[in-house]
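**Student:** structure for this input, please:
(2 chains)
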Amino acid sequence: MANVNSIFDKIRTEIRTVTETACRACIAAGTLTVENIPEIGLEVPRERGFGDFSTNIAMQMAKSAKLPPRKVAEQVVAAMVLTGTDIEKVDVAGPGFINFILNPIWLQEAVRLIREKGSDYGQLDVGKGIRVNVEFVSANPTGPLHMGNARGGALGDCIAGVLKKAGYEVTREFYINDAGNQIEKLGLSLEARYLQQLQGEDSLAFPEDAYHGEDITDHAKAYIALHGDSLLSVPSEERRRTLAAYALPINLQRIRDGLTRYGIEYDVWFSEKSLYENGDVADTLAWLKENGFTVDKDGALWLSGEMSGLEKDEVLVRANGFPTYMAADIAYHRNKLQVRKFDWAIDLWGADHHGHVARMHAGMAPFGVKKEQLEIVLFQLVRLYRNGEIARMSKRTGKAISLLDLLDEVGLDAARFFFNLKTAGSHLDFDLDLAVKQSNENPVFYVQYAHARISNILRRLREEDNVTLLPVESVDLSLLTAPEELQLMRKLADYPEEVAIAAKGLEPSRLTRYVMDVAAEFHSFYNACHVKGEAQELLQARLTLVECTRIVIRSILDLIKIGAPERM
RNA sequence: GUGCCAGUAGCUCAGUAGGAUAGAGCAAUGGACUUCUAAUCCAUCGGUCGGGCGUUCGAAUCGUCUCUGGCACGCCA
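**Tutor:** Numbering: from 1, shown residues only, chains lettered A, B, ... in the order given. The predicted structure is shown next:
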């Protein structure tokens, strides 16, 4: 799969070479006096009329050349040699942009490439040999999956997918918080509900900081149904431990099942408890202490703010002897980066944890971990809307809307699509009504409809006219000349580039928006150009383009894990 | 109080290594189905890029001040 980007790369290299050569010629001829030629940046102009690519190099050189930008541009363009390139025409425009208009043949090359690569089209190798660990959701096994988990899940899964598409070696990981304070709290909560069940609601006051969810009561009832009141006679500590040990695997299984239903498959389920059991937490703390990164204060052990560059000290071991979540988290990330030797760790956190980012980096720095190695992607929280108002409660259960409620209400496709439509950093308003609306207002259907139309063309030609797609070598792509055809081809040619940008920015939402563009170009093409019933030559050329569109749409829908229906 | 994120068309959002007339979808208005699916297409309308000052040939983008919203500042995670 050597260099699938070749078409784009080839064109870009060609333009750069032509431009740079022209600049040198100007300098040699004395028409341009500059200290050095800056790197030639190429961009795709917003307006199609401005050409296929443009560069602002003339504006950049204007100052040192002591000439107006347009003058510089004119000199450079005059010196360009275009023979033997894909460049058809060069213009100077606006304040001094140099615009390149390409011969449409390059788009035919792009189509050929898509047909050759098939479902591999868009697969890059920029991440080749780089092992990356993407950790996401990592929900506490103390209750149901919520909206934050839903967004983080879709986002994390798709970041992993995009990185894979860019050639990285990706591991999807879930960190199980099966140790520490929240498990204590789970035990405490279960005990209280357990006692209330057996001894009456008023037998004790439910602890303020315990989990109030109804699932806690359900666990207590279920335990009593199985084991009766056997825990009444044992010490409180044992009672809590037993109840927590009972509920934990059940909750964990529910999380696994819920995420499976959501389309997420993890490679690794990593237990926090294991870090305590194998001594990693203790080792980490001992090392920090020995190397002077900690201070003792008020009976607790703190990470020194002074040594780590933080504004204040942070507790690592409480006065009661229990390490904090942060201590375990440092040990965990050491495990990722140093024991398991991932080159890159990506964590997805809800934005309410942003305060923890600097602390984590500070906690890892003593171990030689650089900031770039541990990348935290923060995503803003979700607001659900129903009937134009903020919706907090599930229609069915009357309780807070969980991930499973969402899947029941809007389905998998809509959920994953909408969570991947906006950038992670933007607050997301999720319109529950829109997500289920079977109309043009709903962008999910827009894309799926394009795929269904394509499937329909292919099927009807096969079934009714006994026509199948010929190998690309025997198709005359030069027949594709309509504006709608060329624009669609151009859009499809962008795909590898889009993958690269999405991977670099860890923004899979870019691909979601891109696939909407592809669908739009296809729908325009569909309305302007017929396939079925056209003369053989043209029919095959268009059919090839349709097939290429199918490949790209399918590729992205698969990545986001949204259904690609054959009929709608 | 300090810090982080956000503020772009009526609504939801793109656009930040500074670039051309700031884009898209939805909504609104007007058109297109005897022709591969009209869940579609075509056209029109719609903007003090929260506000001020500054840097620059050029600012939604950079700096600074300010307003508004969300979040975080724990021996919670």
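**Student:** how close does A:K312 get to A:A358?
**Tutor:** Taken as CB to CB, to the nearest Å, the spacing of A:K312 relative to A:A358 amounts to 11 Å. The C-beta positions use only the backbone N, C-alpha and C, and glycine is treated the same way.
**Student:** more crowded one of the two?
**Tutor:** More neighbours surround A:A358 than the other of A:K312 and A:A358, with 15 against 10 (other CB atoms under 10 Å).
**Student:** and the one helix or strand that one maps to, what does it pack onto?
**Tutor:** Element membership of A:A358 [criterion: DSSP states H and E] is helix A:355-364. The contact analysis (3 or more CB pairs under 8 Å, 6 or more residues apart in numbering; DSSP states H and E) places helix A:355-364 against strand A:300-303, strand A:314-317, helix A:325-334, strand A:374-379.
**Student:** any idea which of these is most buried?
**Tutor:** Highest mean neighbour count of these: helix A:325-334, a mean of 22 (counted as mean count of other CB atoms under 10 Å).
**Student:** so what's A:G153 up against?
**Tutor:** If a contact means CB atoms under 8 Å, 6 or more residues apart in numbering, then A:G153 has A:F136, A:V137, A:L145, A:L259, A:Y262, A:I264, A:L403, A:F419 as its contacts.
**Student:** and the gap between it and RNA strand B?
**Tutor:** Using CB to the nearest atom of the strand, to the nearest Å, A:G153 is found at 16 Å from RNA strand B.
**Student:** what about that residue, distance to A:L82?
**Tutor:** Between A:G153 and A:L82 the computed distance is 51 Å (CB to CB).
**Student:** tell me the pLDDT at the residue of chain A positioned farthest from its centre?
**Tutor:** If you look at how far each residue of chain A sits from its centre, by CA atoms, centre = their mean, the farthest one is A:S233, at 51.2 Å. Listed pLDDT for A:S233 reads 94.
**Student:** again with the one 4 residues further on
**Tutor:** Reading off the confidence values, A:E237 has pLDDT 93.
**Student:** pretty sure it is in a helix, no?
**Tutor:** Yes - A:E237 forms part of a helix when assessed by DSSP: H, G, I helix; E, B strand; the rest coil.
**Student:** spatially central residue in chain A, please.
**Tutor:** In chain A, the centroid-proximal residue (CA atoms, centre = their mean) is A:I159; its distance is 2.8 Å.
**Student:** contacts only, for the closest residue to A:G127 other than its chain neighbours.
**Tutor:** Of all residues not flanking A:G127 in the chain, A:Y168 sits nearest, at 3.1 Å (CB to CB, 6 or more residues apart in numbering). Contacts were defined as CB under 8 Å, 6+ apart; by that measure A:Y168 touches A:G127, A:K128, A:I130, A:R131, A:V132, A:W344, A:A503.
**Student:** tell me which element A:G129 is part of?
**Tutor:** For A:G129, there is no host helix or strand (DSSP H and E).
**Student:** give me the low-pLDDT residue ranges for chain A?
**Tutor:** Segments of chain A classed as low confidence (criterion: pLDDT under 70) are A:1-6.
**Student:** domain boundaries for it, per the record?
**Tutor:** Here the domain assignment for chain A is A:6-103, A:143-176+A:264-379, A:181-261, A:440-560, based on automatic domain parsing.
**Student:** quick one: is the third one near RNA strand B?
**Tutor:** Read it as domain A:181-261. Yes - Domain A:181-261 lies within reach of RNA strand B by CB under 7 Å from any atom of the strand, at A:N181, A:Q182, A:D209.
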